[in-house]
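[1] Okay, structure incoming, though there's no sequence with it:
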């Protein structure tokens, strides 16, 4: 298409005489159009981006479950407010497990105690940073049961590689049983 336009321009506007063409320094209507078209394109893209971002990051007015996710060098802690349950990762051994009920909206309150971390569960299609002093929350809709891998996706120091965790999505009855067992056992961390 470009080559055809170049050839057409060469043939259509080739020199026919030695007369100098009109030398107007500008064409205001064309310049206005060339300026407005990119501005309109950027404005439309900005509108759709903001609308989509607002939908993706919207928080539910009534989440079914709330969990405080605390990242610290170099492990995770999951606190279930109102349930008196806390799961803390050990410095060596199995990663902590975040247990959630299926078919629920889960509000994750992300807290960093020391440096920047990043809560990432690829299955949730979302990654969110934990920044000290910054309030950050995300809602996750659990739609299928199963076990999923999670990890810190922000280099947070020497032992960053150890900041793995697991997410287990279970039926509501299994979730209630798990909460009861955790309340009996107390904190499973150091």
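    Noted; the coordinates are in hand. Just so it is clear, the structure is predicted and the values come from calculations on it, not from any experiment. Numbers count the residues shown, from 1 in each chain.
[2] give me the low-pLDDT residue ranges for this structure?
    Scanning the chain for pLDDT under 70 picks out the ranges 91-93, 186-190.
[3] And the helices in it?
    Taking DSSP state H as the test, the helices found in the chain are 2-12, 28-56, 172-185.
[4] For the nearest residue in space to residue 68 that is not next to it in sequence, give its distance to residue 6.
    Distances taken as C-beta to C-beta, 6 or more residues apart in numbering put residue 79 closest to residue 68, at 4.1 Å, once the chain neighbours are dropped. Any C-beta I mention is one placed from the backbone N, CA and C, and that applies to glycine too. For residue 79, the distance to residue 6 (C-beta to C-beta, to the nearest Å) stands at 66 Å.
[5] quick one: which of those two has more around it?
    Set side by side, residue 79 and residue 6 give different neighbour counts by other C-beta atoms under 10 Å, the larger being at residue 79 (19 against 10).
[6] tell me the contacts of that one?
    Residue 79 makes contact with 67, 68, 70, 85, 86, according to C-beta atoms under 8 Å, 6 or more residues apart in numbering.
[7] OK, contacts around the third one?
    This means residue 70. With C-beta under 8 Å, 6+ apart as the criterion, the residues that contact residue 70 are 76, 77, 78, 79, 111, 112, 113.
[8] Please repeat the previous calculation with a cut-off of 10 Å.
    76-79, 86, 88, 109-113, 117, 130 (C-beta atoms under 10 Å, 6 or more residues apart in numbering).
[9] cool, the first one as well?
    Taking C-beta under 10 Å, 6+ apart as the definition of contact, the neighbours of residue 67 are 78-81, 83, 85, 87, 98-100, 106-110, 140.
[10] who wins for most neighbours among these?
    Neighbour counts for the contacts of residue 67 were taken using other C-beta under 10 Å; the highest belongs to residue 108, with 24 neighbours.
[11] Across the sheet, point out what pairs with that one.
    Counting by DSSP bridges, residue 108 forms beta bridges with residue 67, residue 138.
[12] That one contacts residue 71, correct?
    No - in this structure, residue 108 sits apart from residue 71 without contact. The criterion is C-beta atoms under 10 Å, and the distance is 11.4 Å.
[13] Now do the shared contacts for these two.
    A shared contact of residue 108 and residue 71, defined by C-beta under 10 Å, 6+ apart, is any residue touching both; here these are residue 119.
[14] since we're on the nearest residue to residue 60 once chain neighbours are set aside, how many residues are nearby?
    Leaving out its chain neighbours, the residue that sits closest to residue 60 by C-beta to C-beta, 6+ apart is residue 105, at 4.8 Å. Using other C-beta under 10 Å, the number of residues around residue 105 comes to 15.
[15] who touches residue 105 in this structure?
    Residues touching residue 105, when contacts are defined by C-beta under 10 Å, 6+ apart, comprise 59, 60, 61, 62, 63, 64, 65, 139, 140, 141, 142.
[16] Outside of stretch 35-50 itself, which residues are in contact with it?
    The contact list for stretch 35-50 (C-beta under 10 Å, 6+ apart) is empty.
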